[in-house]
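>>> generate coordinates for the sequence data below:
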Amino acid sequence: MEHKIKKWKLLESEYIIRRPWLTARREKVQLPDGTIHPEYYVLEYPDWVNIIAETKDGRYVLVEQYRHGLGEISIELCAGCVEPGEAPVDGARRELLEETGFGGGEWELIATLSPNSSTSTNMCYCFVAHGVEIKDKEQHLDTTEDIAVHLVTRDELYRLLSDGEIKQAMMAAPLWKYFATKEK
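Numbers count the residues shown, from 1 in each chain. You can find the predicted model right below:
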């Protein structure tokens with residue numbers, strides 16, 4: 001017996017908050033079976049990017065920063081938001097340069113992921129950049145950013161990932177794909 005999935009019907013939608021880092025709307029929806037759900041919340045975020053950046057000498061560029069949501073200092077890939085009208089690869093290049101001073105190299109998209117397709121509207125574009133090098137000796141950080149740059153070997157990066165020290169799911173997923181599909 002085949003079950004055909006159908007989209008929900010939007011009955012009402014209202015914004016409950018619109019701020020630079022948080023936009024949320026409450027929607028009234030009707031499910032295919034006729035059930036009406038009066039409060040379904042959707043979070044609007046800009047698209048995100050992250051970068052597995054490998055230097056010309058084979059080291060990987062990571063960033064360390066405080067993450068208030070978890071209340072922890074975190075080791076991560078360089079990442080950020082895509083600006084309005086900006087192509088994801090251009091946003092990734094900009095974020096890498098701003099946060100780490102690294103740029104150049106050859107870029108490829110390794111994954112396009114939905115951070116939370118149930119309640120969020122954005123996508124995360126994950127890039128690999130081979131052969132990056134220092135282009136700017138100064139960081140150009142946002143007011144909420146305090147970032148230390150670390151260069152690690154492939155083995156060190158794999159250990160950080162496999163030991164669970166890279167916790168952000170939108171970073172762990174493309175890293176696992178990278179290690180599964182890219183030869184040593």
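>>> pLDDT weak spots in this structure?
By pLDDT under 70, the low-scoring segments of the chain are 141, 183-184.
>>> which residues in it form helices?
Per DSSP state H, the chain carries helices over the ranges 88-100, 154-162, 169-181.
>>> these: which one's closest to Tyr125?
Of all those, the one in closest proximity to Tyr125, counting by CB to CB, is helix 88-100 (3.8 Å). All C-beta spots, glycine's among them, are computed from the backbone N, C-alpha and C.
>>> and that closest one, what's buried?
Pro88, Val89, Gly91, Ala92, Arg93, Arg94, Glu95, Leu96, Leu97, Glu98, Glu99, Thr100 (16 or more other CB atoms under 10 Å).
>>> save the helices of the chain as a markdown table, and put in distance to Leu113 too.
Below are those laid out as a markdown table (distance: least, CB to CB, whole Å):
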| stretch | distance to Leu113 |
| --- | --- |
| helix 88-100 | 12 |
| helix 154-162 | 16 |
| helix 169-181 | 6 |
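>>> which among those is found nearest to Gln65?
Shortest distance between Gln65 and the helices of the chain, using CB to CB, is found for helix 88-100: 8.9 Å.
>>> so how far is that closest one from its chain's centroid?
When distances are taken as CA atoms, centre = their mean, to the nearest Å, helix 88-100 is centred 12 Å away from the chain's centroid.
>>> so which elements touch it?
Helices and strands touching helix 88-100, as assessed by 3 or more CB pairs under 8 Å, 6 or more residues apart in numbering; DSSP states H and E, comprise strand 48-55, strand 60-67, strand 72-81, strand 102-103, strand 106-113, strand 124-134.
>>> out of those, which is the most enclosed?
Across the helices and strands packed on helix 88-100, averaging neighbours per residue (mean count of other CB atoms under 10 Å) puts strand 48-55 on top, at a mean of 25.
>>> redo the helices and strands packed on helix 88-100 as CSV? Include distance to Trp21.
Below are the helices and strands packed on helix 88-100 laid out as CSV (distance: least, CB to CB, whole Å):
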stretch, distance to Trp21
strand 48-55, 12
strand 60-67, 13
strand 72-81, 9
strand 102-103, 25
strand 106-113, 20
strand 124-134, 16
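>>> tell me which of those sits nearest to Met1.
Between Met1 and the helices and strands packed on helix 88-100, the tightest spacing by CB to CB is seen for strand 106-113, at 32.0 Å.
>>> tell me how many other residues crowd Lys135.
Neighbourhood size, Lys135 [other CB atoms under 10 Å]: 12.
>>> that one touches Gly105, doesn't it?
No. Checked against CB atoms under 8 Å, the pair Lys135 and Gly105 is beyond contact range at 10.0 Å.
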